[in-house]
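> Here is a sequence together with a model predicted from it:
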Amino acid sequence: MVAVKNITRALCTTPICLRLANDFVKNLSPQYKSIDPCTNFEEMVCGGWRLRHEIPASQMAIDAIGLIREENEEVLHAILEGPYPGDLSRNPPSTDKENFETMKLAYTTCMDEDGLRKLGVTPMTKLLDELDGAFGSEDWSQSLVFANLVGATSLVSMYVAPDLDSPEKQVVYLNSEVGSGAGLSLPNRDFYTNTSMLMNEYVPIVANILQAVLPGNLSADSAQQARDLVRFEADLAAISPPASAGFYDVATRASFSEADALAPRLGLSKVYTAFAPPDIPPVDLLWNRAYIGNLSQLLDATSRSAIEGYITWRVILATQSLVLSDDHNIFEPFNALRNRLQGIVTTETAPPPRWRTCLASVLANLGWILSRFFTERSFSQRDWDLANQVISDVRTAYVHKLNTVSWLDEPTRAKAIEKIHLLVQKVGYPTANPNLTDPESLRVYYAPVDITSSHFDNTRQARASAMRRNFQQQLGKPTDRTSWGDFYAVIANAYYAPDTNEVAFPAGILQLPIFGGEDLPSAVKYGAFGALAGHEVSHGFDKIGMHFDGTGRLVDWWSDGVLDEYKKRERCFVEQFANMTVYANDKNASGRGYPVDGLRTVGENEADSAGLVAAYDAWVLRRELDGNKTGLGLPGLTEWTDEQLFFLAFGNIWCGVISDDGLKLELRQAGHAPNWGRIMGSTANSRGFREAFGCEVKEPVCTLW
């Protein structure tokens, strides 16, 4: 039970504080005063949240971050439906307005359902006719270039990124995502062992779609084409690494001449030449050599028609969302099969509103222009300053912690502290490549994309431009650590990248209840956003991040004895979460408990717990700088101490409702524990939490540091 305190302090009564306080109070369990926070904190802080929210018919779960995404989408929808908002900069408004009108044209073209239905699948059929012309070369290079430019992952996927050994320069990565099922049309490789499902369900679906969309001269025997390409896809699945296989563990370096020698039919050097700047000689590539060798053998053993059919099928799937027809459901059986295999079960029968589809399209094609208008509405310079301060405070707290850890030897400690000092923090939006505050920078960035009244062509151009941009703006140049890639400012998520040692927090995630600006009590700021910042910083030391140094180089920098101590602490997290039983908590929950995979989720669980500890330490340090004054309280929560408010804010960012089917899917696929486990596991691992609520046992269950 929360101890009632007679705390005399001022209350924060700004609109943002009143809104958040109202939400916090309503989110509390109606019986929160009789609940022991030391054993059931999640129910205490989120019991009321579940009473207030139902899972949408189109989903299997909803949580606080999901609500942020929905609110962001409503803002974006209003932007796309509304007029140009006026000059947003000191520059002449013409370029800014032109960018806005370009974005609006892309949106309205996508929204023209009548026009799209009149076209039907004709744009796709013409595309497939073009693809057929690319099949004429001796190797597969022309068709692979074609597929990549339209956004289809098939036999070969190439992209440019920092070199694992020398992260200041760029190399080409080849099929690095293949272990995640890339290049396969069903959810993962395991489904291809079910021959009955493949032949009796999958093949007829493929045949019907081929018959509907292929040019007349290519659709004569769609049933046989379907059988052949599905058999090839099954063979491809058989040689694909499992999802648990890490690319970094098997990646080796090679030249393109070596790659051509091992897999001549892929024509990899020709694929590279098609994308790279003409004045840049071939760079090294990183690949899974064994997989490419097996793929080469498979190509030699497979008929040309089956491989052509497979690449065609992958292009169809990559562009299916760009066409509408009177027979709108020609792709629905395939999508329903995928959903069923994944365990996606919803009560929604109608398609999503067209505006959501077109919003996603504009975001994918012109995401930085859309981000500009979002940030002007939803993210200020003061927000930027505060977010950077919180992240910097978390980093400072991390250094303090590392300096006190007894099991680190001095060389390892120095490397760990150096990694924190070298960390690149990105907040809100990019100011280079492109500069979101400069309309001209955005115009130049998207200049290769000529938006017209053709939705199909607009998306095709945008995808091709993004592919070429990745090669032409990075090859032969030092690694650009200012780039955000396609992690747009509207995204309600954050990341840590080990190969550049950077964290990024877009404006889209810096919204209530995670982030509310400088008016909020500091305990709330650090309990919510501080914990998220600490989570991402902590990924620099999880099971993947620990293998990279402060420059992003893949190198073993841990002393042997220290590594043994780290592994011991990692095992604690594995066992802690493996011993959890989680339950669905929607109104139709079965009451059945499910185990958490402690090994698969260990990296996220470490980051949650270490991040919460770092955020609490950062808040304590910030409070000391502010003279240890009692912070502002929140109306309706006057009995909660500053320390308790900190953890109340943390719990609220993970409140959610999930169905049995949603929970089973999450436990199979997600890299983190379900939200209940994130709250309960992290607070069990926080001494600050146990002291704040007077728990009998003060010692954390597991600690990373």
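Happy to help now that I have it. Just so you know, these numbers come straight off a predicted model, no measurement behind them.
> Ile550 is in contact with His421, isn't it?
Residue 550: Gly, not Ile. Yes - at 7.1 Å, Gly550 and His421 qualify as touching, with contact defined as C-beta atoms under 8 Å. Every residue, glycine included, has its C-beta placed from N, CA and C.
> Show me which of those two is the more surrounded one.
Gly550 (17 against 9; other C-beta atoms under 10 Å).
> what about the more buried one, helix or strand, and which?
Under the criterion DSSP states H and E, no helix or strand holds Gly550.
> what comes up buried for stretch 690-705?
The neighbour-count check on stretch 690-705 (16 or more other C-beta atoms under 10 Å) flags Arg690, Ala692, Phe693, Cys695, Pro700, Val701, Cys702, Thr703, Leu704, Trp705 as buried.
> Inside helices: which ones of those?
Of the buried residues of stretch 690-705, the ones assigned to helices by DSSP state H are Arg690, Ala692.
> Closest one of the buried residues of stretch 690-705 to Pro506?
The closest of those to Pro506 turns out to be Leu704 (C-beta to C-beta; 26.2 Å).
> which residue ranges form the strands in this structure?
61-63, 158-162, 170-174, 252-254, 285-287, 424-428, 495-497, 502-506, 581-583, 593-595, 656-658 (DSSP state E).
> Highest average neighbour count across those strands: which stretch is it?
Of all these, strand 656-658 has the most neighbours on average by mean count of other C-beta atoms under 10 Å, namely a mean of 26.
> which outside residues touch that strand?
46, 49-50, 53-55, 60-64, 66, 584-586, 666, 674-675 (C-beta atoms under 8 Å, 6 or more residues apart in numbering).
> List the strands paired with that strand, with their directions.
Counting by DSSP bridges, the strands paired with strand 656-658 are strand 61-63 (antiparallel).
> What average pLDDT does the partner strand get?
Here strand 61-63 scores 97 as its mean pLDDT.
> could you flag which of the contacts of strand 656-658 are buried?
46, 49-50, 53, 55, 60-64, 66, 584-586, 666, 674-675.
> which non-adjacent residue is nearest the residue nearest in space to the middle of the chain?
The centre of the chain sits closest to Asn493, judged by C-alpha atoms, centre = their mean, with a distance of 6.7 Å. The shortest distance from Asn493 to any non-neighbouring residue, by C-beta to C-beta, 6 or more residues apart in numbering, is to Ile509 (5.8 Å).
> Tell me, how many residues neighbour the one you found?
When neighbours are counted by other C-beta under 10 Å, Ile509 comes out with 23.
> My read is that it contacts Glu71, right?
No - with contact defined as C-beta under 8 Å, Ile509 does not count as touching Glu71 (11.8 Å).
> Now the phi/psi pair for Phe693, please.
Note on Phe693: its backbone torsions stand at phi -110, psi 10 [degrees, to the nearest 10].
> For stretch 22-42, buried residues please.
Buried-residue list, stretch 22-42, by 16+ other C-beta under 10 Å: Asp23, Phe24, Asn27, Leu28, Ser29, Tyr32, Ile35, Pro37, Cys38, Phe41, Glu42.
> whoops, stretch 230-248 was the one
The neighbour-count check on stretch 230-248 (16+ other C-beta under 10 Å) flags Val230, Arg231, Phe232, Glu233, Ala234, Asp235, Leu236, Ala237, Ile239, Ser240, Pro241, Phe247 as buried.
> same check, this time on stretch 556-569
For stretch 556-569, the neighbour count (16+ other C-beta under 10 Å) marks Trp557, Trp558, Ser559, Val562, Glu565, Tyr566 as buried.
> Pull the most distant pair out of those residues.
Applying C-beta to C-beta across those, the maximum distance is between Trp557 and Glu565, 14.6 Å.
> Can you give the domain ranges for this structure?
The record's domain parsing of the chain by automatic domain parsing lists 15-75+359-444+456-692, 121-323.
> Where does pLDDT dip in the protein?
1-7, 87-93, 177-181, 217-220, 244-245, 327-328 (pLDDT under 70).
> hmm, try it at 50
Residues of the chain that meet the criterion pLDDT under 50 lie in 1.
> which ones are touching the closest residue to Ala684 other than its chain neighbours?
Distances taken as C-beta to C-beta, 6+ apart put Val701 closest to Ala684, at 4.7 Å, once the chain neighbours are dropped. By C-beta under 8 Å, 6+ apart, Val701 lies in contact with Cys572, Gln576, Ala684, Asn685.
> now these as TSV including neighbour count and distance to Pro478?
Formatted as TSV, the contacts of Val701 follow (neighbours: other C-beta atoms under 10 Å; distance: C-beta to C-beta, whole Å):
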residue	neighbour count	distance to Pro478
Cys572	19	40
Gln576	22	42
Ala684	19	44
Asn685	24	40
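> and those residues, which two are the farthest apart?
Among those, Cys572 and Ala684 lie farthest apart (C-beta to C-beta), at 11.3 Å.
> Please identify every residue contacting each of the two.
Shared contacts of Cys572 and Ala684 (C-beta under 8 Å, 6+ apart): Val701, Cys702.
> Now do stretch 339-354: distance from first to last residue.
One end of stretch 339-354 sits 20 Å from the other (C-alpha to C-alpha, to the nearest Å).
> Relative to the whole chain's centre, how far out is that stretch?
With C-alpha atoms, centre = their mean, to the nearest Å as the basis, stretch 339-354 stands 21 Å off its chain's centre.
> Could I get the full set of helices for the stretch 101-250 of the chain?
Using DSSP state H, counting those that start in this stretch, the helices of the stretch 101-250 of the chain run over residues 113-119, 122-134, 141-149, 195-197, 203-213, 222-239, 247-250.
> ditto for the stretch 601-705 of the chain
So, for the stretch 601-705 of the chain - with DSSP H, counting those that start in this stretch - the helices run 602-625, 642-652, 660-669, 675-684, 687-692.
> For Ala364, which of these is the nearest?
Ala364 sits nearest to helix 660-669 of all these, at 22.2 Å, using C-beta to C-beta.
> which helices and strands does that closest one pack with?
Where contact means 3 or more C-beta pairs under 8 Å, 6 or more residues apart in numbering; DSSP states H and E, helix 660-669 is packed against strand 61-63, strand 581-583, strand 593-595.
> Out of those strands, which is closest to Ile369?
Shortest distance between Ile369 and the helices and strands packed on helix 660-669, using C-beta to C-beta, is found for strand 61-63: 29.2 Å.
> any residues touching that closest one, and which ones?
Strand 61-63 is contacted from outside by 53-56, 654-659, 662-663, 666, 675, using C-beta under 8 Å, 6+ apart.
> what residues are up against Thr14?
Thr14 is in contact with Asp519, counting by C-beta under 8 Å, 6+ apart.
> separation between it and Ala523?
16 Å (C-beta to C-beta, to the nearest Å).
> Asp549 too?
Remark: distance between Asp549 and Ala523 (C-beta to C-beta) = 34 Å.
> One more: Ile509?
Distance, Ile509 to Ala523, using C-beta to C-beta: 20 Å.
> okay if I get the domains of the chain as a markdown table plus distance to Pro351?
Output for the domains of the chain, formatted as a markdown table (distance: least, C-beta to C-beta, whole Å):
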| stretch | distance to Pro351 |
| --- | --- |
| domain 15-75+359-444+456-692 | 9 |
| domain 121-323 | 11 |
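> Leu337 is nearest to which of those?
domain 121-323 (6.2 Å).
> How far does the closest one stretch from one end to the other?
End-to-end span of domain 121-323 (C-alpha to C-alpha): 6 Å.
> Figure out how far it is from the centre of its chain.
Taking C-alpha atoms, centre = their mean, one finds domain 121-323 lying 23 Å from the centre of the chain it belongs to.
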